[in-house]
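>>> sequence unknown, structure follows:
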């Protein structure tokens, strides 16, 4: 699944458009490498992104095959870090 679509599906970013803009702005990293919106994500990958002054780092445990509810989204990733942007 594309990283922009996954961020939206897992409710980490509100819309796919916002996720794509974050990727295009260099705010999203996949396994420590800046990620384009079209890059494919696999189980075990680590995604880190900074939006609205907060940094979020998650490990993907499974890739959903279809849309999922917001309450079930947390079953697909493990939170590694959530907090203020450390560069500020």
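Nice, I can see it. In this text, all values refer to a predicted model and were calculated from it rather than measured experimentally. Numbering: from 1, shown residues only.

>>> tell me which helix or strand residue 4 sits in.
Residue 4 belongs to helix 3-9 when assigned by DSSP states H and E.

>>> just how off-centre is that helix within its chain?
Relative to the chain's own centre, helix 3-9 is displaced by 6 Å; criterion: C-alpha atoms, centre = their mean, to the nearest Å.

>>> tell me what that helix is packed against?
Judged by 3 or more C-beta pairs under 8 Å, 6 or more residues apart in numbering; DSSP states H and E, helix 3-9 is in contact with helix 16-24, strand 28-30, strand 46-51. Quick note: C-beta positions are derived from backbone N, CA and C, even for glycine.

>>> and if we set it to 6 Å?
The elements that helix 3-9 packs onto, with contact taken as 3 or more C-beta pairs under 6 Å, 6 or more residues apart in numbering; DSSP states H and E, are helix 16-24.

>>> the helix it packs on vs strand 46-51, what angle?
For helix 16-24 against strand 46-51, the angle by axes from the mean of the first three to the mean of the last three C-alpha atoms, to 10 degrees is 100 degrees.

>>> so that it lines up with my notes, have the first residue be 35 from now on.
Will do, 35 is the new start, and the previous item becomes helix 50-58.

>>> thanks a lot, catch you later.
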